[in-house]
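Chemist: based on what follows, work out the 3D shape:
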Amino acid sequence: MKVISLTCNHCGAPLEVPAKARFVTCGFCEARLAIEHTGNSYTTSVLEELQETTAKLAQDVAQIKQSSEIDRLDSQWLQTRSQHMVTNKNGHQSLPTKGGAIIGGVVITLFGLFWTVMALGITSAGAGMGAPGVIRLFPLFGLLFVGFGIFMSFRMHHKADAYQKDLQQYRRKRQDLVDDITQN
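Modeler: Predicted structure coming up:
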């Protein structure tokens, strides 16, 4: 069996070790050493230092992984957020709000009521003058506006509510990831 001569990396004491050994404990200072074979040369490293370095690297890798999880979550949120966007008639996009849903529904409903009242006045006056019966359909368009206004108000309110729930969920997940990073 071939024996090699080394020195302890911790205290400098001479060591005699089998050539195929990978680990040794110094007989003088009790340091646990790793034997590194590089070509024809051999060196020793204190295992505790290697373990500290390895632990630090593992911690750094975990922190990088958590940071990439935050980046992935942020990217996913941007996609989810864009799915919640509503587009107006001019192509301008915005996020739905409950207040906007109520105001929009009230405006459309009021317009429908105004249309209905005006159309009833015109059709009743027109009917007295001998206008065709088709003119009596115009007040129904106002009722369609009223129904559309109520429908849109509920629909937009639901979209705004779904957006708020997704936003809260995103913020909670992100805060959990940030808390994990700061704890480590």
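Chemist: and for the residue lying closest to K159 once chain neighbours are set aside, the neighbour number?
Modeler: Excluding the flanking residues, the one nearest K159 by CB to CB, 6 or more residues apart in numbering is P96, at 4.3 Å. For glycine as for every other residue, the C-beta is placed from the backbone atoms N, C-alpha and C. One way to gauge burial is a neighbour count; for P96, by other CB atoms under 10 Å, it gives 21.
Chemist: phi, psi for P96 please.
Modeler: Main-chain dihedrals, P96, degrees, to the nearest 10: phi -70, psi 140.
Chemist: that one: what's it in contact with?
Modeler: H84, V86, M156, K159, A160, Y163 (CB atoms under 8 Å, 6 or more residues apart in numbering).
Chemist: change it to 10 Å
Modeler: When contacts are counted by CB atoms under 10 Å, 6 or more residues apart in numbering, P96 touches 84-86, 104, 155-164.
Chemist: which of these fall within strands?
Modeler: V86 (DSSP state E).
Chemist: narrow the contacts of P96 to those in helices?
Modeler: Using DSSP state H to define helices, the subset of the contacts of P96 located there is H84, G104, R155, M156, H157, H158, K159, A160, D161, A162, Y163, Q164.
Chemist: residues near the residue nearest to the fourth one when sequence neighbours are not counted, how many?
Modeler: Which is M156. The shortest distance from M156 to any residue that is not its chain neighbour, by CB to CB, 6+ apart, is 3.4 Å, and that residue is A101. Per other CB under 10 Å, the neighbour tally for A101 reads 21.
Chemist: Q51 versus the nearest residue to R22 once chain neighbours are set aside, what's the distance?
Modeler: For R22, the nearest residue in space outside its immediate sequence neighbours is I35; the separation is 5.7 Å by CB to CB, 6+ apart. The gap separating I35 from Q51 is 16 Å, by CB to CB, to the nearest Å.
Chemist: between the two, tell me which one has more neighbours.
Modeler: Between I35 and Q51, counting by other CB under 10 Å, I35 is the more crowded of the two (20 against 12).
Chemist: that one is in what secondary structure piece?
Modeler: Taking DSSP states H and E as the criterion, the element that holds I35 is strand 32-38.
Chemist: that strand pairs with which strands?
Modeler: strand 23-25 (antiparallel), strand 41-46 (antiparallel) (DSSP bridges).
Chemist: and these, which one is worst for confidence?
Modeler: When mean pLDDT is averaged over each of the strands paired with strand 32-38, strand 41-46 scores lowest at a mean of 67.
Chemist: how is the chain divided into domains?
Modeler: Domain segmentation of the chain under automatic domain parsing yields 3-50, 59-183.
Chemist: which stretch in these is the model least sure about?
Modeler: domain 3-50 (a mean of 79).
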